[in-house]
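Colleague: only geometry, no sequence info:
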């Protein structure tokens, strides 16, 4: 079985008029880096919450189909039980910060999972170093800027060492430089440590080059799913308002002028190299 599997899953929030997710089926295997994107209100956050069990255990409503995570049906497994497999970074980081300083915040999750104190101290120091949080070590989370809170929420989630990192727009409160830093760390954890990543993100210029798959959502349904170079040039990407990388936009314009590149570029550097190949041949 896949590490995460949606099996004909639908969900409608209590009191809502329409389904947030509609007959979603998708399998995500261990070690994949999956980017989920789509227009506002398409169901991205609901999909994230369905992976760690907040849907349906916290958010109530109509449910059909199933979600399986690491062999467990999320209908039966509690959020606490799923926490050992799934780490979720919320879109609003203040919603998940509960202690008095960085050290305590990083230790909070592992302590609740019963991790040995020596291992907790090791993780805390590693994460502080990884995300450059030393200058914030003694600061209260609610005295931090939005960007600092975002980094701390990411750090606290990574301290759990989850099998699956689910991040719901983790760069939404960050400036471009800080966003790139966080996304580079996520990519490195996926490549070097084999951590499975499910990332909701609109800044496709920054993430498309690292993703193994992109899933496009629209009106609660998956409308495209595949490798970035296969999905992003498709008309559906622009039709539903996905901000495809500028390099891919240029590729599409070149195609209309009869200029074919050897592959779909995802970055400016790649585009320049591919155009150079055409002009030198």
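Modeller: Everything's here; your move. This one's a predicted model, so the numbers in the text were calculated from it and none came from an experiment. Residues are numbered from 1 along each chain as shown.

Colleague: Which positions within stretch 101-114 qualify as buried?
Modeller: 102, 103, 104, 105, 106, 107, 108, 109, 110 (16 or more other Cβ atoms under 10 Å). To be clear about C-beta, it is placed using only N, CA and C from the backbone, and glycine gets the same treatment.

Colleague: Sitting in helices, which of those residues do you find?
Modeller: 102, 103, 104, 105, 106, 107, 108, 109, 110 (DSSP state H).

Colleague: okay, the third one: pLDDT?
Modeller: So the one you mean is residue 104. For residue 104, the pLDDT comes out at 95.

Colleague: can you redo the buried residues of stretch 101-114 as a markdown table with distance to residue 57?
Modeller: What follows is these, written out as a markdown table (distance: Cβ to Cβ, whole Å):
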| residue | distance to residue 57 |
| --- | --- |
| 102 | 29 |
| 103 | 30 |
| 104 | 26 |
| 105 | 23 |
| 106 | 25 |
| 107 | 25 |
| 108 | 20 |
| 109 | 18 |
| 110 | 22 |
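
Colleague: And the residues you listed, which is closest to residue 49?
Modeller: Of all the buried residues of stretch 101-114, residue 49 sits closest to residue 109, with 17.5 Å by Cβ to Cβ.

Colleague: mind checking how far that closest one is from residue 195?
Modeller: Between residue 109 and residue 195 the computed distance is 16 Å (Cβ to Cβ, to the nearest Å).

Colleague: residues touching the residue nearest to residue 196 when sequence neighbours are not counted, list them.
Modeller: What sits nearest to residue 196 in space, not counting adjacent residues and going by Cβ to Cβ, 6 or more residues apart in numbering, is residue 164, at 4.6 Å. With contact taken as Cβ atoms under 8 Å, 6 or more residues apart in numbering, residue 164 is in contact with 3-4, 28, 51, 69-70, 85-87, 195-198.

Colleague: Try it again at 10 Å.
Modeller: Applying Cβ atoms under 10 Å, 6 or more residues apart in numbering to residue 164 gives the contacts 3-4, 28, 30, 32, 34, 51-52, 69-70, 82, 85-88, 195-198.

Colleague: Also residue 279?
Modeller: residue 259 are the contacts of residue 279 under Cβ under 10 Å, 6+ apart.

Colleague: buried ones in the helix or strand it falls within?
Modeller: Assigned by DSSP states H and E, residue 279 belongs to helix 268-280. Residues of helix 268-280 classed as buried: 270, 271, 274, 275 (neighbour count, 16+ other Cβ under 10 Å).

Colleague: same check, this time on stretch 245-257
Modeller: In stretch 245-257, counting by 16+ other Cβ under 10 Å, buried: 245, 247, 248, 249, 251, 252, 254.

Colleague: next one: stretch 151-162
Modeller: Quick answer for stretch 151-162 (16+ other Cβ under 10 Å): 151, 152, 153, 154, 155, 156, 157, 158, 159, 160, 161, 162.

Colleague: Need the three-state assignment for the second one.
Modeller: Local secondary structure at residue 152 is given as helix here, using DSSP: H, G, I helix; E, B strand; the rest coil.

Colleague: Isn't it up against residue 105?
Modeller: Yes - between residue 152 and residue 105 there is a contact under Cβ atoms under 10 Å: 6.0 Å.

Colleague: Quickly list what's touching both of the two.
Modeller: Joint contacts of residue 152 and residue 105 (Cβ under 10 Å, 6+ apart) are 96, 97, 127, 133, 136, 141.

Colleague: Now do the strands in the stretch 151-281 of the chain.
Modeller: 164-168, 196-200, 213-218, 221-226 (DSSP state E, counting those that start in this stretch).

Colleague: quick one: the helices in the stretch 1-150 of the chain?
Modeller: 44-51, 54-57, 79-82, 102-112, 117-130, 146-158 (DSSP state H, counting those that start in this stretch).

Colleague: Okay, the closest residue to residue 38 other than its chain neighbours and residue 20: tell me how far apart.
Modeller: Among residues not flanking residue 38 along the chain, residue 217 sits closest, at 3.7 Å (Cβ to Cβ, 6+ apart). When Cβ to Cβ is applied, the distance between residue 217 and residue 20 equals 10 Å.
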